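Chemist: Make a model of this:
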Amino acid sequence: MQFKLAFVSVALAALVAANPTPGGEGSEPATGSCSTGPVQCCQSIVPASDGTAAGILSSLGIVLGDLVDVGLGCTSLTGTCSGQTACCEDNSHGDLISISCVSIL
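Modeler: I've put the predicted structure just below:
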């Protein structure tokens, strides 16, 4: 009985280890979608405490923590992106600034 249990456990572990996962080696970069809205093409992604970003945020009356990254000069991705592709939570300020951005490949 113990041998059967050990065999089944090893067999299941081998199946899980051999199963391909999204984003694994050899896969294409995930540039197609974001759970927060459309993929953005940003000129740069910087911390909210960055001088340029802090000035824009201040002029808009937006207060963010230092650990939040923002995108500067972001537009919806249409074709190729010469900047950084990103998923941003708040794209409501035109292409001026996007809030809570995460760079994607």
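Chemist: how close does Asp95 get to Cys41?
Modeler: Going from Asp95 to Cys41 by C-beta to C-beta, to the nearest Å gives 10 Å. C-beta coordinates here come from the backbone N, C-alpha and C atoms, glycine included.
Chemist: Looking at those two, which is more packed in?
Modeler: Cys41 (22 against 16; other C-beta atoms under 10 Å).
Chemist: The helix or strand that that one is a member of packs against which elements?
Modeler: Secondary structure from DSSP states H and E places Cys41 in strand 40-42. Here strand 40-42 touches strand 69-72, strand 75-76, strand 84-93, strand 97-103, going by 3 or more C-beta pairs under 8 Å, 6 or more residues apart in numbering; DSSP states H and E.
Chemist: Now for Asp95 and Cys41: what residues contact both?
Modeler: Both Asp95 and Cys41 are contacted by Cys74, Thr75, under the criterion C-beta atoms under 8 Å, 6 or more residues apart in numbering.
Chemist: which intervals of the chain have sub-threshold pLDDT?
Modeler: 1-32 (pLDDT under 70).
Chemist: out of the helices and strands packed on strand 40-42, deepest packed?
Modeler: strand 69-72 (a mean of 25; mean count of other C-beta atoms under 10 Å).
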